[in-house]
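>>> Next input, structure requested:
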Amino acid sequence: MAEIRRATVADAEALGEQRVRMFEDAGVSTEAQMGQMLANFIPWVRAKLEDGSYVGWLVEEDGRLVAGAGLWVMEWPPHFLDAEPWRAYLLNFYVAPEMRRRGLARKLLGLAVGEAKAREIKVVTLHASKFGKPVYEQYGFVPSTEMMLRPDR
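Here you go, the predicted structure:
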């Protein structure tokens, strides 16, 4: 039986490893990219867990990490959608292939959105993978007009 628990600072490495698996499954990375990302991500998430701006959930079954998710609360300029200076960003949603279609992603999404609501955050954003997009759309997320530029390219 899978059990969900809140991530702690001691879970920073596990969160990083799960993040690597998420990107590998999406097919958007190389081994070199993942090594550098992991080296940068672990200290970042550790600090965010410590200050409470990152809340993570991990799902374990038979002592093995099989799924997880995170919510990062970031400062954001007040605007017409929310006068308060905070926005929640969902990240690190991952379910191991053999555990998919069991409702874990939806359960994690509910926990993350519930955390945002508890903090009175009115805007929650994310970037969806092909695996996650249907789950987010069923939950009520809608596409936005976000664009991206990578100046170093």
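>>> Parallel or antiparallel, which strands does the lengthiest strand in the chain pair with?
For the chain, the strand with the greatest residue count under DSSP state E is strand 64-75. Its sheet considered, strand 64-75 pairs with strand 54-61 (antiparallel), strand 86-95 (antiparallel) by DSSP bridges.
>>> Any chance you could list what contacts the last one?
This means strand 86-95. Contacts with strand 86-95, where a contact means CB atoms under 8 Å, 6 or more residues apart in numbering, come from 15, 18-19, 21-22, 25, 56, 59, 66-76, 102, 104-105, 108-109, 112, 115-116, 119, 121, 123-127, 129, 131-132. Where you see a C-beta, it was placed from the backbone N, CA and C, and this is true even at glycine.
>>> Go through stretch 106-125 and flag the buried ones.
107-109, 111-113, 115-116, 121, 124 (16 or more other CB atoms under 10 Å).
>>> Those in strands, which ones?
Filtering the buried residues of stretch 106-125 for strands - DSSP E - leaves Val124.
>>> could you redo the buried residues of stretch 106-125 as CSV and give each row distance to Gly52 and pLDDT?
Listed next are these as CSV, based on distance: CB to CB, whole Å; pLDDT from 0 to 100:
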residue, distance to Gly52, pLDDT
Lys107, 22, 96
Leu108, 19, 97
Leu109, 20, 97
Leu111, 16, 98
Ala112, 15, 98
Val113, 18, 97
Glu115, 11, 98
Ala116, 14, 97
Ile121, 13, 95
Val124, 17, 96
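>>> And the buried residues of stretch 106-125, which is closest to Ser29?
Taking CB to CB as the measure, Ser29 lies nearest Leu108 of the buried residues of stretch 106-125, at 21.8 Å.
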